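>>> let's see this in three dimensions:
(chains A and B)
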Amino acid sequence: MSKVLPVLAVVASIFTLWYAAVPFMNVKETLTGLERAGTTVVPDNPIARRDASAVALVLRNSFAIPATYAQERPRLPAPHQVAQDLWETVVLKKVTSKRSLVYHGWITLSATLLGFTIGTGAGILLAVGIVHSRAMDMSVMPWAIASQTIPILAIAPMIIVVLNSVGIQGVVPKAIISAYLSFFPVVVGMVKGLRAPDAMQLDLLKTYNASGSQGFWKLRLPASMPYLFASLKIGVAAALVGAIVAELPAGGARGLGGRMLTGSYYGQMVQIWSALVFAAVLAASLVLLIGWLQNRTLKRMGLL
Amino acid sequence: MILVLSALIIWIAMWGLNTRLANGPHAETRFIRLLVPAIFGLTILVAWELLVRGLAVPLVILPAPSHVMATFFSELPTLWLDFKQTFLKGALSGYVIGCGAAFLAAILVDRYDFLRRGLLPVGNFVAALPIVGTAPILVMWFGFDWQSKAAVVVVMVFFPMLVNTVAGLQETTVMQRDLMRTYGAGYWATLTKLRLPAAMPFIFNGLKISTTLALIGAIVAEFFGSPTMGMGFRISTSVGQLALDMVWAEIVVAALAGSAFYGVVALAEASTTFWHPSHRK
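Below is the predicted model of the structure:
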């Protein structure tokens, strides 16, 4: 409970700063618009305004401040403009409409979930292989760790185009990038988890005359669960980022990444902001969902 | 067909060799520990080369490693230009600004308990968000050149660095802080002589995570607009021209830059925190 008040204070100050920044970010475009509509603004020629600082312009044209919050195409939309756009594109539009964020969000989410499932499955399998084969451990593990330092996201456009040229389109190429991004955190976390039982526990199983597979199912796998969930949280966030970036070169302007790209082409800042907020909410709910599953699973296992 | 078969045979032979080395008597020596992954990497490259040649895979799907290397060396001036634009100007300046700002913010946050309790949950929340999504916004604000890339990097590295540094500053025990008080040490003496040194492993952890994020941020931001150079620009335009050898050459550059960046930070860590219990052998 001691967290609620400070968090609220921080969030409130973020919004205050945001509102305070809006006039300064939007003042130039607003004044140009007002001048075109016949209002006198100081200074009255556009070149002088271009060279003037935003602070000076706001101070000398304080009557224009309300207008900066109601721009059609603001450089920095005010929070209520973003909220209004979100309300229109999430709630008011039909989910099948191409202008509905739910429609685009589902396109991204389906790629994310498919990729996350593939990546997690493959990651767990590889981790099991690594723990059981010394050769695999020594050959693959250094590369798995080294690959974390490489900006894997850079190859996303290539994967999309290459798969396109062999006739694979739609959700699968995006899912592959998501899978790739969620794969490595799961491998590294799962290897750590499967190795978590200490020598004493392994020895105990040996005194019970347990076989290798019994050791795996009854000791190693349960012991790895906390590590698995920790890496699943990282993996699902990475998978969402992968799906969004994968939509940038796809060109179809579908999905949250596509919304961001078209917004950036046409200078529709409000559209970018709502796509961003929607993506943030999606990421947060995915992480929270895994956190909830983690809580339940670990409680049932008696680990929490 | 012969090439494909030989790829298969080489794969099996190398795997057999690695299995013997890994289970052999000298498996724990440093040499074998380096040799085994090196053999594995080499095997993949050789098998890739042979399969691409043997199956006559077209260039627009997958170029052979030899082809990529040839492009890498013949296009070195272009690659250097892109590296300078994306890494030295975009990623590195953003990294320095972002990590520096996060470090100062962490000290401030740590000083006031109210800020810590408020900012940490928000910071943890933001660290899980798809922050690359801010790239189109920042590109619009700061223009197409490297400044917007640096801004994306600042936003990307800020919160991971902040969260790690704050966690590090919490590391000291009550006993240690009490000892400092018995010496009559004030806030600043305690900070510089006890708490910052104790936080070093955490700070370096944040710095290391940020290296990869910085490179990703700088490259992805270029997908939203850039001058006619830069690694992200080259990747997206070369993909459009189906010049996949150039794309792979850029990926080689990105991989080299990423691991070198990480390596430098790891080296700095090893030389400054060698005394810390987690590094003592």
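>>> C-alpha from now on. contacts and neighbour counts both.
Fine.
>>> CA atoms only for stretch B:171-187, dumped as CSV, please.
Only the C-alpha atoms of stretch B:171-187 are listed here, as CSV (Å, rounded to 0.1, in the frame of the first residue of the first chain):
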residue,chain,number,x,y,z
GLU,B,171,23.1,-3.4,-1.8
THR,B,172,24.9,-2.3,1.3
THR,B,173,23.9,-3.9,4.6
VAL,B,174,22.8,-2.1,7.7
MET,B,175,26.0,-3.2,9.4
GLN,B,176,28.2,-1.6,6.7
ARG,B,177,26.3,1.7,6.8
ASP,B,178,26.5,1.8,10.6
LEU,B,179,30.2,1.3,10.4
MET,B,180,30.5,4.3,8.1
ARG,B,181,28.4,6.3,10.6
THR,B,182,30.8,5.4,13.4
TYR,B,183,33.6,6.8,11.3
GLY,B,184,31.6,10.1,11.2
ALA,B,185,31.1,9.8,7.4
GLY,B,186,28.3,12.0,5.9
TYR,B,187,26.0,11.2,3.0
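>>> list of residues touching it?
Applying C-alpha atoms under 8 Å, 6 or more residues apart in numbering or on different chains, the external contacts of stretch B:171-187 come out as B:Thr190, B:Leu194, B:Arg195, B:Ala198, B:Ala199.
>>> so how far is the worst-scoring helix or strand of chain B on mean pLDDT off the chain centroid?
One helix or strand of chain B scores below all others by mean pLDDT, DSSP states H and E: helix B:113-127, with a mean of 82. Mean-position distance between helix B:113-127 and its chain equals 24 Å (C-alpha atoms, centre = their mean, to the nearest Å).
>>> which helices and strands does that helix pack with?
Under the contact criterion of 3 or more C-alpha pairs under 8 Å, 6 or more residues apart in numbering or on different chains; DSSP states H and E, helix B:113-127 touches helix A:4-36, helix B:92-111, helix B:146-169.
>>> now what about that helix, what contacts it?
Residues external to helix B:113-127 that are found in contact with it (C-alpha under 8 Å, 6+ apart): A:2-11, A:284, B:109-110, B:159-160, B:162-163.
>>> could you rerun that using 7 Å?
A:Lys3, A:Pro6, A:Val7, A:Val10, B:Val109, B:Asp110, B:Phe159, B:Pro160, B:Val163 (C-alpha atoms under 7 Å, 6 or more residues apart in numbering or on different chains).
>>> cool, stretch A:103-112 as well?
A:95-97, A:171, A:174-175, A:178, A:239-240, A:243-244, A:254-256.
>>> now do 6 Å
When contacts are defined by C-alpha atoms under 6 Å, 6 or more residues apart in numbering or on different chains, stretch A:103-112 is touched by residues A:Val95, A:Val171, A:Lys174, A:Ala175, A:Ser178, A:Ala239, A:Leu240, A:Ala243, A:Gly255, A:Leu256.
>>> any idea which of these is the one closest to chain B?
Nearest to chain B, judged by C-alpha to the nearest C-alpha, of these is A:Leu240 at 7.2 Å.
>>> related to what we said a few turns ago, pull out the buried members of the contacts of helix B:113-127.
Listed as buried from the contacts of helix B:113-127 are A:Pro6, A:Val7, A:Val10, B:Val109, B:Asp110, B:Phe159, B:Pro160, B:Val163; burial here means 16 or more other C-alpha atoms under 10 Å in any protein chain shown.
>>> around chain B, pick out the residues from the stretch 151-300 of chain A.
A:Pro151, A:Met158, A:Val162, A:Val241, A:Ser264, A:Leu276, A:Ala280, A:Ala283 (C-alpha under 6 Å from any C-alpha of the partner chain).
>>> look up how far A:Ile152 lies from the fourth one.
Put plainly, it is A:Val241. 12 Å (C-alpha to C-alpha, to the nearest Å).
>>> what about those two, which has more around it?
Using other C-alpha atoms under 10 Å in any protein chain shown, the more surrounded residue of A:Val241 and A:Ile152 is A:Val241, with 27 against 19.
>>> and the lengthiest helix in chain B, how far out from the chain's middle?
Counting residues, the longest helix found in chain B (DSSP state H) is helix B:244-272. Centre-to-centre, helix B:244-272 and its host chain are 7 Å apart (C-alpha atoms, centre = their mean).
>>> show me what it is packed against.
On a contact count with 3 or more C-alpha pairs under 6 Å, 6 or more residues apart in numbering or on different chains; DSSP states H and E, helix B:244-272 meets helix B:65-74.
>>> now the two most distant members of the buried ones among the contacts of helix B:113-127.
A:Pro6 and B:Pro160 (19.9 Å; C-alpha to C-alpha).
>>> if we can go back for a sec, which of the contacts of stretch A:103-112 fall in helices?
A:Val171, A:Lys174, A:Ala175, A:Ser178, A:Ala239, A:Leu240, A:Ala243, A:Gly255, A:Leu256.
>>> mind putting the residues you listed into JSON lines with pLDDT and neighbour count?
As requested, these are exported to JSON lines (pLDDT from 0 to 100; neighbours: other C-alpha atoms under 10 Å in any protein chain shown):
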{"residue": "A:Val171", "pLDDT": "84", "neighbour count": "17"}
{"residue": "A:Lys174", "pLDDT": "88", "neighbour count": "31"}
{"residue": "A:Ala175", "pLDDT": "90", "neighbour count": "28"}
{"residue": "A:Ser178", "pLDDT": "91", "neighbour count": "34"}
{"residue": "A:Ala239", "pLDDT": "91", "neighbour count": "33"}
{"residue": "A:Leu240", "pLDDT": "92", "neighbour count": "33"}
{"residue": "A:Ala243", "pLDDT": "89", "neighbour count": "32"}
{"residue": "A:Gly255", "pLDDT": "85", "neighbour count": "28"}
{"residue": "A:Leu256", "pLDDT": "87", "neighbour count": "29"}
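>>> tally of neighbours for the nearest residue to A:Phe24 once chain neighbours are set aside?
Using C-alpha to C-alpha, 6 or more residues apart in numbering or on different chains and skipping residues adjacent in sequence, the residue nearest A:Phe24 is A:Ala54, 5.3 Å away. By the other C-alpha under 10 Å criterion, the neighbourhood of A:Ala54 contains 16 residues.
>>> for the one 3 residues further on, same thing?
Around A:Leu57 there are 21 other residues, counting by other C-alpha under 10 Å.
>>> swap in the one 5 residues further on?
Number of residues near A:Ser62 (other C-alpha under 10 Å) recorded here: 12.
>>> and it, what's its pLDDT?
For A:Ser62, the pLDDT comes out at 78.
>>> checking A:Pro197 next. Helix, strand or coil?
What DSSP: H, G, I helix; E, B strand; the rest coil gives for A:Pro197 is coil.
>>> now the phi/psi pair for it, please.
Backbone torsions of A:Pro197, given as degrees, to the nearest 10, read phi -60, psi 140.
>>> before we move on, what about A:Ala111?
Per degrees, to the nearest 10, the backbone of A:Ala111 is at phi -60, psi -40.
>>> now for it, how many residues are close by?
Neighbourhood size, A:Ala111 [other C-alpha under 10 Å]: 28.
>>> got it, and B:Arg33?
Neighbour tally, B:Arg33, other C-alpha under 10 Å: 17.
>>> what does A:Ile47 give?
Neighbour tally, A:Ile47, other C-alpha under 10 Å: 9.
>>> and what of the one 4 residues further on?
Neighbourhood size, A:Asp51 [other C-alpha under 10 Å]: 8.
>>> can you pull the pLDDT of it?
Note on A:Asp51: pLDDT of 77.
>>> ok, it to chain B distance?
A:Asp51 is 16 Å from chain B, where distance means C-alpha to the nearest C-alpha, to the nearest Å.
>>> repeat that for A:Trp87.
20 Å.
>>> picking up where we left off before, identify the farthest-apart pair in the residues of the stretch 151-300 of chain A next to chain B.
A:Val162 and A:Ala280 (29.3 Å).
>>> spell out which parts of chain B neighbour chain A.
Counting by C-alpha under 6 Å from any C-alpha, chain B sits next to chain A at B:18-19, B:22, B:36-37, B:40, B:61, B:114, B:117-118, B:129-130, B:133, B:136, B:212, B:216, B:239, B:255, B:258-259.
>>> list the buried residues of the least confident helix or strand of chain B.
B:Phe114, B:Leu115, B:Arg116, B:Arg117, B:Gly118, B:Leu119, B:Leu120, B:Pro121, B:Val122, B:Gly123, B:Val126, B:Ala127.
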